[in-house]
Every structure is written in C-alpha cells, then in structure tokens.
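Engineer: Sequence and computational prediction follow.
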Amino acid sequence: MSIRPPLTLAAGLMLAAAPLAAQALHVPYTIDTLANGLTLIVHEDRSVPIVTTNVWYHVGSGDEKPGRTGFAHLFEHIMFMGSEHAEYPMFDRLLEAAGANNNGSTTEDRTNYYESGPSNALPLMLWLEADRMGWLLPTMTVQKVDAQRDVVKNERRQRYENQPYGLAWETLTQTMYPAGHPYSWSVIGSMADLSAATLEDTKEFFRKYYAPNNAAIVVAGAVSAPEVKAAVEKYFGDIPRGPAIQRPQVAPFSLTNDTLVVLEDRVQLPRLYYNWHTTKAFSDDDAALELTAYLLAGAKNARLTQPLVYDQQIATNVSAWQDGKRLDGDFMVMVTARPGHGLPDLQATIDAELRRLATEGPTERELEQAKNATEASFLNGLERVGRKADQLNRYYYYTGNPDYFAADLARYRAVTAADVRRVATQYLQAPKVILSVVPQGETQLAATAAGVTP
C-alpha cells in the first residue's frame, strides 16, 4: 500500500494551516522476529520501482568503555572490507553494477547501513548484508584492521585536529559529561584508543554487538512483505544469535555552575558555543526544545538570527538545535562573530534574548511558524523511501513503535507558548558550558561569565 495519497492530502492541508496532527498519517508496515532475534520491518510503497534496505545495529560509541573508544565507528569502516563470500571490493562493485548505492553512519546510540536501488536488486542487497553479518569474522585480519584504523585516524585528523573549530566537539563532550559517562568521548574515538585496539579486541566487539538479536532491518519500497520475509529467512536465518547485551546505565547528574572553556585554534573568527543538558529523545520536553531551537535560529527573523546577523551585524551565522539521545540530551547555540567583534559582544544579545523568551514566551505567530516549518520538513522527508526506512528503524529503536509518524507530529502540534516559556526557563536558564574558540593568541576575544574564569 502506498503512503503517498495520505501524505499528499496532509501536505495540502498544511498549506491551508490545518492542524496536521488531526490527519490520518499512517505508514503501514509488518514486523517479524526471526528465531535468531533479528527484527524485520517491511513497508510497501510502490509509488516508484525502488527499494531500500536499512539495518540498524544497536551499538554506538555510547556502548564503548573508557580506554576502548572508537570501536563503533571503526566497525562502520571494517564492514565494507569484504566478507567470506563477498571479498573486497565485491560489496561496492556488485551494488554499483546493479544500479544501487550504499553507505553507513555511526552515532552515540547506533550504527546503520543502507542500500538503495531498483527493486530487482533486493536479493543482492539482502545477501550482501547477511554475508557481512554472519560471515565477516573469518575474513577479519590484522591487515584489514590496521588499514581501516589508519583510515579512521586520517578522518579524525581531517575532521578534528586539522579542521577549523574541529576540536570544539570533543572539548564539549569532555566538559559536558563526567569522566566515564558513555557520552563523554567523541564518536570517532581517541587516537590512543584507536592505536591500542588489537585484532582480538575488534573480533570480540563484533561477536558481542554484530549479532542478529542486536539488529533490526527495514526493507521499504516496491516489495511484497511475504516475499521479503521469505528472503530474509533464507539469507539471515542461519546466523546464530549473539550474547545478551547489558546496556550502560548512568546516574543522574547536572552542571552546578556555568563552565567557561577557551580553545585557541587556527581560525580567523571567534566562535561561541552555549551547551546545556536537556532531555532524552522522545521524552516529554524534547519536541518543545526542538521548536525552541527553531524560534532562536531557524529562520531569518528568529530571535537570535535577526538581531545578531541582520540588525546589529555582529555575527556571520547562528545555529541552535536540540539533540535528544538514548541516555541524555543537550541543547546547543552556536554563533560565529563578524570580523572586529569579540564574543562578549554576542553574549549580551544572546543572554538578553534567552531571558526574554523565558519570561515572555513566544508569540502565537512565532510558534505557528515554527510548527509549520517543522511539519513541512517532516513531510518532505517522507516523500523519499530511504528517509521513511530510516525513520521506521529510528522509531522502533527509541519508542518500540515503527509507525510513530502521527504521534511524532502530534508532539509538535501539542506544544504551547507556555511549554516553550517553561523549557526556556528550566533548561536554558540553567548552568551551561560556554566554549570560546578564538584565533591563536587572541584570548581577549573569548566569552566571559560572572564569577567564572577560564
């Protein structure tokens, strides 16, 4: 059954400013669990003759341990190095020959792999995914691990050490979370831990986390659910179940004071980061915080963008976002100064606007704009089969319900001006990490905080 008619209806109603949460937004699916624990979710969408496979392994950098960081992201690379029946570089070459593409990504909470192409390529996609899930270990060698370790190290150099502002993210995670917290290290891991990883360490990580009972596969597109189930049973059914997994548990914590950090870097313009602890993905305040981020920096007339970039012209750009994850969440405001301005110049406006939002809340017009923009982006994404497949997997992982689409939209529609005022007070007036990234030797441009010294 195609999802396009209800989405088209919903999109048309949105243009008329109708509440989308009231519309019947439904993404039909079937869900099965194989005997080995693999979860299979199938969504039929025959609007175009393409298919997407989307595998989520429920392991990310947050499942690692101090001294053993970077394994989740390292495995994202190793999984493309060939398996017993599809030696390197067969994986990419076979898919490219079939007109398909593939990729993967790693976060704190999960690692995903996906393929997309013509629907007749589905058997190939499933066979390749099954082979690297069940038969990658026999082909894992010191040479392969070393090669991908070097690739990841080079990626770290490019994205962190040698990229302007690149070390900000690692600095923030280390400052925001107490030592030993699963989110206190970067997803890519440390150079020392990557260097120390042995072949046996890598194999043990695979045995523990790359098992069918720790994975969910979504197949979406021009397919038949019974035929997909039969194919998945055929290719994945003989892969043995892995060990039971104990997820990291963390004790509640909070920042007691503003924490000021100054980082000198090879940059031309100073950049300011405000980072607060907030709440987990899909928890009660998550949607209100996402809309608050839009109110602050999501449009040209947003509360921080308008005065900083256009009126006073003291900033080149402003960003804000809520990042809810499995164990915790954080809220970021990031602003880059224009030439000739230090970060204290920006702080005065930022602090004043945050206080004003916490005191007055948004206007109804502002809030409606934020909701409409959020809904439009949401619905535009659902026009792509690959996006729907990833959302089905994401909803299943975080909520247990793959078809959480209507409930997700309803979260945003239910947010009131009072909710925004409350979360702006509760979270954005609380202690935070204030990170200044300034040109080398120009610490006088760094942000300040009453009673706090860098």
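Structural biologist: Happy to help now that I have it.
Engineer: which stretches of the stretch 351-454 of the chain aren't confidently modelled?
Structural biologist: Scanning the stretch 351-454 of the chain for pLDDT under 70 picks out 450-454.
Engineer: contacting residues around the most centrally placed residue in the chain?
Structural biologist: Note on the chain: the residue nearest the mean C-alpha position is residue 107, at 5.9 Å, using C-alpha atoms, centre = their mean. Contact criterion C-beta atoms under 8 Å, 6 or more residues apart in numbering gives 60, 61, 187, 325 as the residues in contact with residue 107. Every C-beta, even on glycine, is put in place using the N, C-alpha and C of the backbone.
Engineer: Over to residue 318?
Structural biologist: Residues touching residue 318, when contacts are defined by C-beta under 8 Å, 6+ apart, comprise 296, 297, 302, 304, 305, 308, 309, 333, 334, 335.
Engineer: Give me the secondary structure label for it.
Structural biologist: Recorded secondary structure, residue 318: strand (DSSP: H, G, I helix; E, B strand; the rest coil).
Engineer: what's near enough to touch residue 211?
Structural biologist: Contacts for residue 211 (C-beta under 8 Å, 6+ apart) come out as 36, 37, 133, 239, 240, 241, 242, 243.
Engineer: Around the fifth one, count how many other residues there are.
Structural biologist: Think residue 240. Neighbour count for residue 240, taken as other C-beta atoms under 10 Å: 10.
Engineer: Wasn't it part of a strand?
Structural biologist: No. Counting by three-state DSSP, residue 240 is not part of a strand but coil.
Engineer: close enough to count as contact, it and residue 37?
Structural biologist: No. With contact defined as C-beta atoms under 8 Å, residue 240 and residue 37 do not form a contacting pair (9.7 Å).
Engineer: residues shared between the contacts of these two?
Structural biologist: Taking C-beta under 8 Å, 6+ apart as the criterion, residue 240 and residue 37 both touch 211, 212.
Engineer: returning to that earlier point: pull out the buried members of the contacts of residue 107.
Structural biologist: Burial by neighbour count, judged by 16 or more other C-beta atoms under 10 Å, picks out 60, 61, 187, 325 from those.
Engineer: returning to that earlier point: in helices only, show me the contacts of residue 107.
Structural biologist: Applying DSSP state H to the contacts of residue 107, no entry is found in helices.
Engineer: for the residues you listed, which one is nearest residue 445?
Structural biologist: residue 187 (29.2 Å; C-beta to C-beta).
Engineer: What lies in contact with stretch 281-289?
Structural biologist: For stretch 281-289, contacts defined as C-beta under 8 Å, 6+ apart pick out 278-280, 322, 324-326, 329, 331, 398-399, 411-412, 414-415, 419-420, 422-423, 426-427.
Engineer: out of the contacts of residue 211, who has the most neighbours?
Structural biologist: Going through those with other C-beta under 10 Å as the criterion, the one with the most neighbours is residue 133, at 24 neighbours.
Engineer: what's that one in contact with, if anything?
Structural biologist: The neighbours of residue 133, taking C-beta under 8 Å, 6+ apart as the test, are 55, 210, 211, 212, 215, 236, 239.
Engineer: On the three-state scheme, the first one is what?
Structural biologist: Secondary structure for residue 55, judged by three-state DSSP, is strand.
Engineer: Pull up the gap between it and residue 230, please.
Structural biologist: Distance from residue 55 to residue 230, counting by C-beta to C-beta, to the nearest Å: 18 Å.
Engineer: The two: who's more crowded?
Structural biologist: Set residue 55 next to residue 230 and count neighbours by other C-beta under 10 Å: residue 55 wins out with 24 against 12.
Engineer: Now find how far off-centre stretch 69-76 is within its chain.
Structural biologist: Relative to the mean C-alpha coordinate of its chain, stretch 69-76 is positioned 16 Å out (C-alpha atoms, centre = their mean, to the nearest Å).
Engineer: Give me the buried stretch members for that stretch, please.
Structural biologist: Of the residues in stretch 69-76, 69, 70, 71, 72, 73, 74, 75, 76 count as buried by neighbour count, 16+ other C-beta under 10 Å.
Engineer: I'd like the residues you listed as JSON lines, with distance to residue 273 appended.
Structural biologist: Formatted as JSON lines, the buried residues of stretch 69-76 follow (distance: C-beta to C-beta, whole Å):
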{"residue": "69", "distance to residue 273": "22"}
{"residue": "70", "distance to residue 273": "23"}
{"residue": "71", "distance to residue 273": "27"}
{"residue": "72", "distance to residue 273": "24"}
{"residue": "73", "distance to residue 273": "22"}
{"residue": "74", "distance to residue 273": "27"}
{"residue": "75", "distance to residue 273": "29"}
{"residue": "76", "distance to residue 273": "26"}
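Engineer: Reformat those residues as TSV; add distance to residue 314, secondary structure and pLDDT.
Structural biologist: As requested, the buried residues of stretch 69-76 are arranged in TSV below (distance: C-beta to C-beta, whole Å; DSSP: H, G, I helix; E, B strand; the rest coil; pLDDT from 0 to 100):
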residue	distance to residue 314	secondary structure	pLDDT
69	38	coil	96
70	38	coil	96
71	43	helix	94
72	40	helix	96
73	37	helix	96
74	42	helix	96
75	44	helix	92
76	40	helix	95
